[in-house]
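# A predicted structure for the sequence below; I have some questions about it.
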Amino acid sequence: MRKIKMRCPWVMLCIIGQVLFAGHADAQTGKILVFCKTAGFHHNSIEQGIHAIQQLGSTHGVSVDSTVDAGKFTDAMLKQYDAVVFLSTTGDVLDDAQQEAFERYIQAGGGFVGVHAATDCEYDWPWFGKLVGAYFAGHPAPQEALLEVVNRDFPATEPLPAQWRRKDEWYKFRKRPEDVHVLINLDETSYDPGEQGMGNPHPISWYHAYDGGRAFYTGLGHTEESFSEPLFLQHLWGGITYAMGR
């Protein structure tokens, strides 16, 4: 009996430790880079996006750097980040050497997150097109539409309702993404796409493993209001968490 009593404090400490660890499973550590260079259209929501991601990082114990400097895309610089977020980047934002460094980063197990206009970027870099999943082709005026969450077994969609109605700028893509896991489809019967429709299904968010790394894309996030919208922020952070390998 005395032997059991002597062991009890250690058993209790182990149990308490496990509970505390489980309770702080969300207290992540890590570092991400938000890249927001634009060589084409510049979204006014980028500033709000940076601030929102920094706040999310602070909440979850993740350091967040942001830059418009493509010179950060070197092997030495990129290797310190768990994921790189292309936040509404547009046009040709990286030169050949920077592109090669980013390819090596992904091939070494890095993570990529594309937000909204990240598909309106690097049209002459086929590797990037496969990483992000699709290229932008146009959009109607911002309006409310119905989103169909087709996969809720994923960090970016788990907190979302099966049908999610919200206002944004809805992208049409040159073609539907291939070899990806679609998370959300846009119901084209729920809004007026004009000449910028793709027909159904119309994927608007997806993820996939690619060339040794992880990639997540969401077409949401055009409006400034998006980055103060709780459900969108949970969607975005879930995608970042996946890209970080968590």
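Ah, there it is.
# So, low pLDDT: which residues of the protein?
Where the chain drops to pLDDT under 70, the residues are 1-28.
# So which residues of it form helices?
2-23, 46-60, 75-78, 96-107, 126-132, 230-243 (DSSP state H).
# looking at the ones you listed, which is buried most?
Comparing the helices of the chain by mean neighbour count (mean count of other CB atoms under 10 Å), helix 230-243 comes out on top with a mean of 22. For every residue, glycine as well, the C-beta is placed using N, CA and C.
# got the angle between that helix and helix 46-60?
70 degrees (axes from the mean of the first three to the mean of the last three CA atoms, to 10 degrees).
# Can you name every helix or strand that helix 230-243 contacts?
Under the contact criterion of 3 or more CB pairs under 8 Å, 6 or more residues apart in numbering; DSSP states H and E, helix 230-243 touches helix 46-60, strand 83-87, strand 111-115, strand 163-168, strand 203-210, strand 213-218.
# ok, the third one: who's next to it in the sheet?
By that I understand strand 111-115. strand 83-87 (parallel), strand 213-218 (parallel) (DSSP bridges).
# mind exporting the first one as CSV, just the C-alpha atoms?
Right, strand 83-87. Presented in CSV, the C-alpha positions along strand 83-87 are these (Å, rounded to 0.1, in the frame of the first residue of the first chain):
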residue,chain,number,x,y,z
ALA,A,83,4.4,28.4,-44.8
VAL,A,84,4.4,31.3,-47.2
VAL,A,85,1.1,33.1,-47.8
PHE,A,86,0.6,34.8,-51.2
LEU,A,87,-1.9,37.4,-50.2
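# dump the residue contacts of residue 142.
Counting by CB atoms under 8 Å, 6 or more residues apart in numbering, residue 142 makes contact with 167-170, 222-223.
# sorry, that was for residue 98
So residue 98 contacts 70-71, 73-74 (CB under 8 Å, 6+ apart).
# Pipe the helices of the chain into CSV and attach distance to residue 151 per row.
Shown next, in CSV, are the helices of the chain (distance: least, CB to CB, whole Å):
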stretch, distance to residue 151
helix 2-23, 26
helix 46-60, 22
helix 75-78, 29
helix 96-107, 23
helix 126-132, 19
helix 230-243, 12
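# Those: which one's closest to residue 217?
Nearest to residue 217, of all the helices of the chain, is helix 126-132, at 5.7 Å by CB to CB.
# which helices and strands does the closest one pack with?
Short answer (3+ CB pairs under 8 Å, 6+ apart): helix 126-132 packs on helix 96-107, strand 111-115, strand 213-218.
# Make a markdown table out of these and add distance to residue 64.
A markdown table is the format used below for the helices and strands packed on helix 126-132 (distance: least, CB to CB, whole Å):
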| stretch | distance to residue 64 |
| --- | --- |
| helix 96-107 | 17 |
| strand 111-115 | 12 |
| strand 213-218 | 16 |
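# tally of neighbours for residue 165?
Residue neighbour count, defined by other CB atoms under 10 Å, stands at 12 for residue 165.
# Not counting its neighbours along the chain, what's nearest it?
residue 146 (5.2 Å; CB to CB, 6 or more residues apart in numbering).
# list the contacts for that neighbour?
Contacts of residue 146 (CB under 8 Å, 6+ apart): 163-165, 186-187, 190-191.
# So it versus residue 164, what's the distance?
Going from residue 146 to residue 164 by CB to CB, to the nearest Å gives 7 Å.
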